[in-house]
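>>> What follows is a predicted protein model with its sequence.
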Amino acid sequence: MSPNNLLLRLFPVLIATIVTMTASPVRAGESAGMALLERRCASCHNLTGPAPTTIHALWARKAPDLFYAGNKFRKAWLTSWLQHPVRIRPAGEFYANHVKPGPNRDMVDESTLTPHPALNAADANLAAEALMTLRAHDDLIAKENVPPGTISKSMGSLVFDKFLGCMACHRIRPDFGGLSGPELYTAGSRLKPAFMASYIRSPQSWDPKIWMPNKHVSDTRIVQLVHYLQALSKGKSHE
Ligand code: HEC
Ligand code: HEC
C-alpha cells in the first residue's frame with residue numbers, strides 16, 4: 001500500500017477519534033466547570049494571571065488569585081470549603097481595609113466583612129475540578145521536594161515564631177497570631193506541601209508585590225516549617 005493510500009484509509013479513523021475526544025464527558029465537565037468559574041467567580045478572582053505588578057493593584061485586589069489554584073490547593077479541601085466557606089484571612093482582602101485600632105492592638109472590623117458565596121455539592125465538585133486544571137506555576141512546584149516526616153510542635157513553634165517571626169502575620173490558632181496573612185492552622189489540609197515550601201522559599205515568585213518577606217529560609221528549615229504546619233492542621237481541618 002502506498003503511503004498516500006494509508007493516509008486516506010486512516011483519515012476517517014482520525015476524524016472519529018477527534019470527534020469522540022471533543023465530545024467526551026470529561027471535556028464537557030471541564031468546560032462546564034470553567035464556565036461556572038467565569039460566571040460566578042471571575043468578578044472577584046483573577047483566573048488567568050498575571051499577579052498584580054504594582055502595590056496599588058495589589059491593594060485593590062478583591063480576592064486571592066486563583067490562576068495557579070491547581071498548584072496550590074488540595075482538591076478535597078476545595079470541594080469541601082466551597083460548600084462551607086469559613087474565613088482564611090482573619091481580616092479579609094485587603095486586610096488594612098478591615099482592621100480598626102483596639103485598646104492594645106489592631107482588631108478585625110467584622111462589620112465590613114461579608115461571607116463568601118457557597119456552592120451546592122455538584123457545583124463545588126465542578127468548580128474544584130476546573131480549579132485543579134489552573135496550574136500556571138508547575139515550574140515553581142517542580143523545584144520542591146518535601147519528604148514526609150514529623151516535627152514536635154514545640155520545636156516547630158520555636159522555628160516558626162522565635163527564629164523566623166512568622167507569627168507576626170499568621171495565626172496558628174483561631175485566636176492567636178497576626179492578622180495580615182492567611183491563618184495557618186488549617187494550611188496543612190488546605191495546601192499542597194510543595195506549594196507551602198515554594199511560597200516560604202520565595203513569596204514574590206508567586207505574588208511579586210506581596211508583603212510577606214523573603215527570609216531566605218534554608219532547605220532544612222523549610223521542610224521543618226511544612227511539617228509543623230501539617231502537624232498544626234491535624235484534627236483541625238475544614239474537610
Ligand atoms: C464577592 C467576591 C467573591 C466572589 C464572587 C467569589 N469569591 Fe472566592 N474569595 C473572595 C475573598 C474576599 C476571599 C478571601 C477569603 C478569606 O481569606 O477568608 C476568597 C477566597 C477564595 C478561596 C481561597 C483562596 C485562598 O488563596 O485562600 C477560593 C478557593 C475561592 N475563593 C474560590 C471561589 C470560587 C470557586 C468562586 C466562584 C464560585 C468564588 N470564590 C467567588 C471573594 C469572592
Ligand atoms: C509581614 C507579614 C508576613 C510574615 C512575617 C510572614 N508571612 Fe506568610 N504570608 C503573608 C501574606 C500577606 C501571605 C499571602 C496572602 C495572600 O495570598 O492573600 C502569606 C502567605 C503564606 C503562606 C501561603 C498561605 C496561603 O494560604 O496562601 C504560607 C505557607 C506562609 N505565608 C508561611 C509563612 C512562614 C513560614 C513565615 C515565616 C518564615 C511567614 N509566612 C512570614 C504575610 C507574612
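That came in fine, so what should we check first? Numbers count the residues shown, from 1 in each chain. Ligands and ions are numbered 1, 2, ... in the order given.

>>> Share the number of residues neighbouring residue 146, please.
Other residues lying near residue 146 total 19 when counted by other CB atoms under 10 Å. C-beta coordinates here come from the backbone N, C-alpha and C atoms, glycine included.

>>> Now name the helix or strand holding it.
Following DSSP states H and E, one finds residue 146 outside all helices and strands.

>>> Please give me every residue in contact with it.
193, 194, 196, 197, 222, 223, 226 (CB atoms under 8 Å, 6 or more residues apart in numbering).

>>> could you pull out the strands for the chain?
For the chain, the strands defined by DSSP state E cover 99-101, 106-108, 171-173, 176-177.

>>> Okay, now the unreliable bits of the protein?
For the chain, residues meeting the criterion pLDDT under 70 lie at 1-8, 10-29, 235-239.

>>> which parts of it sit against ligand 1?
By the rule CB under 6 Å from any ligand atom, the part of the chain lying against ligand 1 is 37, 40-41, 43-45, 62-64, 78, 82, 87-89, 92-93, 116-117, 119, 127, 182.

>>> circling back to that earlier point, output the contacts of residue 146 in a markdown table, with neighbour count and distance to residue 154 appended to each entry.
Shown next, in a markdown table, are the contacts of residue 146 (neighbours: other CB atoms under 10 Å; distance: CB to CB, whole Å):
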| residue | neighbour count | distance to residue 154 |
| --- | --- | --- |
| 193 | 20 | 21 |
| 194 | 18 | 26 |
| 196 | 23 | 20 |
| 197 | 22 | 22 |
| 222 | 18 | 19 |
| 223 | 20 | 17 |
| 226 | 26 | 17 |
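
>>> Can you tell me which of these is nearest residue 162?
Proximity of those to residue 162 was ranked by CB to CB; the top entry is residue 222 with 16.7 Å.

>>> Excluding sequence neighbours, find me the nearest residue to the residue most central in space within the chain.
The structure's the chain has its C-alpha centroid closest to residue 72; by CA atoms, centre = their mean the separation is 3.9 Å. Using CB to CB, 6 or more residues apart in numbering and skipping the chain neighbours, the partner closest in space to residue 72 is residue 195 (4.7 Å).

>>> Hmm, that neighbour is touching residue 71, no?
Yes. Using CB atoms under 8 Å, residue 195 makes contact with residue 71 at a distance of 5.9 Å.

>>> can you list residues touching both of the two?
The contact sets of residue 195 and residue 71 overlap at residue 141 (CB under 8 Å, 6+ apart).

>>> what's the closest non-adjacent residue to residue 230?
Ranked by CB to CB, 6+ apart and with sequence neighbours excluded, the top spatial neighbour of residue 230 is residue 188, at 3.8 Å.

>>> need the contact list for that neighbour.
Listed by CB under 8 Å, 6+ apart, the contact set of residue 188 reads 229, 230, 231, 232, 233, 234, 237.

>>> before we move on, back to that, what is the neighbour count of the residue nearest to residue 72?
When counting by other CB under 10 Å, one arrives at 23 neighbours for residue 195.

>>> swap in residue 123?
Residue 123 is flanked by 16 other residues according to other CB under 10 Å.

>>> now it, nearest residue through space, not along the chain?
Residue 123 sits nearest to residue 36 (CB to CB, 6+ apart), 6.1 Å away.
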